[in-house]
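>>> Let me see the structure of the following:
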Amino acid sequence: MVGVMDRKIGLLGVPMDLGGGRRGVDMGPSAVRIAGLQEAVLRLGLEFEDHGNVGVPQPESREPKDPHARFQFEIANCCRRLRARVERLLEGGEFPLVIGGDHSIAIGTVAAISSFHQRRGQKIGLLWFDAHGDFNTPASSPSGNIHGMPCAVCLGRGADELVRMGERVPMVDPAKAVIVGARDVDVCEREEIRSVGVKVFTMRDVDMLGMNEVMRRALAIVNEGTAGFHLSFDLDGADPSIAPGVGTPVAGGTNWRESHLVMEHAAESGRLLGLELTEINPILDERNKTAEFAVQLALSALGKRIL
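From the prediction side, this is the model:
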């Protein structure tokens, strides 16, 4: 398999602000660009192209039709456009680096990577780094916010319009997916997660085992019998002390080194198919601290080493 270091990095911004209940994450792609992502990637010696943003309507211009799945129609349309653009990057041999926006964008990104490899007779793995399970469905969600549902959608649970976004249903086999960093999971989500059988490493597991062992086990799952894995990284998985500007902050997340270790393991595996960074909210940030952290995380995932 061609390694990330041998591929041109293709950036797509997705200023999605429809999936959550708090405004501001639509500015995430701009904040990461301002934090110097392009210059930093070029300093690694990699080719890089910024392909701009996927168009997203503003919440103020729309009324959610279904309170149990708010803005589902608009999110589905945006994710279909995102899927098409990520697939074009893959067809051109580029490595997709997708910056959000709320975490509902993962439905489009995963649909693209899953479909691309499905046409080649291959499955993909999914590593979902998040403080939350993102495993609600319209029937279980207390808020109706779709950014709390995308992991479930990718594994085949939820609204049919979203679940069938890609050419393969489910987009990822639950046995090939892992959630890392969870520490705030709704009661109904727990039941969904248990019924699907997806492996979850909570922050207690990180405390008990250490991130090195957690990632060793997680990568064994997402890489077994797959073409590789997509890493969908919600910045709220990191502790608010290092990532204050996120859509839904939760105390007790990973520290700076644990967060980077996730990315370093992903890079060193040589199996990373795509990278997504979500829920960066400049309105809640401190002098663009979270976006700058996101840039450094991306560099680690793209192969930057200490020595």
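>>> ok but Glu276 is inside a strand, no?
Yes: remark: Glu276 belongs to a strand, assigned using DSSP: H, G, I helix; E, B strand; the rest coil.
>>> so what's it up against?
By CB atoms under 8 Å, 6 or more residues apart in numbering, the residues touching Glu276 are Leu97, Val98, Ile99, Gly100, Ile105, Ala106, Thr109, His230, Leu231, Ser232, Phe233. In short, each C-beta sits where N, CA and C put it, glycine included.
>>> wait, the fourth one sits on Gly28?
In this case it means Gly100. Yes: the pair Gly100 / Gly28 is scored as a contact, 5.5 Å apart, by CB atoms under 8 Å.
>>> Save the contacts of Glu276 as JSON lines, and put in neighbour count and pLDDT too.
Conversion of the contacts of Glu276 to JSON lines gives the following (neighbours: other CB atoms under 10 Å; pLDDT from 0 to 100):
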{"residue": "Leu97", "neighbour count": "25", "pLDDT": "98"}
{"residue": "Val98", "neighbour count": "28", "pLDDT": "98"}
{"residue": "Ile99", "neighbour count": "27", "pLDDT": "98"}
{"residue": "Gly100", "neighbour count": "34", "pLDDT": "97"}
{"residue": "Ile105", "neighbour count": "33", "pLDDT": "98"}
{"residue": "Ala106", "neighbour count": "32", "pLDDT": "98"}
{"residue": "Thr109", "neighbour count": "28", "pLDDT": "98"}
{"residue": "His230", "neighbour count": "30", "pLDDT": "98"}
{"residue": "Leu231", "neighbour count": "24", "pLDDT": "98"}
{"residue": "Ser232", "neighbour count": "27", "pLDDT": "98"}
{"residue": "Phe233", "neighbour count": "28", "pLDDT": "98"}
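>>> Which of the residues you listed fall in strands?
Leu97, Val98, Ile99, Gly100, His230, Leu231, Ser232, Phe233 (DSSP state E).
>>> what sits against the fifth one?
In other words, His230. Contacts of His230 were listed using CB under 8 Å, 6+ apart, and they are Thr109, Val110, Ile113, Ile124, Gly125, Leu126, Leu127, Leu272, Leu273, Gly274, Leu275, Glu276.
>>> Not counting its neighbours along the chain, what's nearest it?
Gly274 (4.5 Å; CB to CB, 6 or more residues apart in numbering).
>>> Cys78 - how many residues pack around it?
25 (other CB atoms under 10 Å).
>>> Contacts only, for it.
Val14, Met16, Leu18, Val54, Gly55, Val56, Pro57, Ile105, Gly108.
>>> A helix includes it, no?
Yes: judged by three-state DSSP, Cys78 forms part of a helix.
>>> Tell me the spacing between it and Glu49.
21 Å (CB to CB, to the nearest Å).
>>> Next one: Arg70 from Ala111, what distance?
20 Å.
>>> ok, the two, which is more surrounded?
Between Arg70 and Ala111, counted using other CB under 10 Å, the more crowded position is Ala111 (27 against 24).
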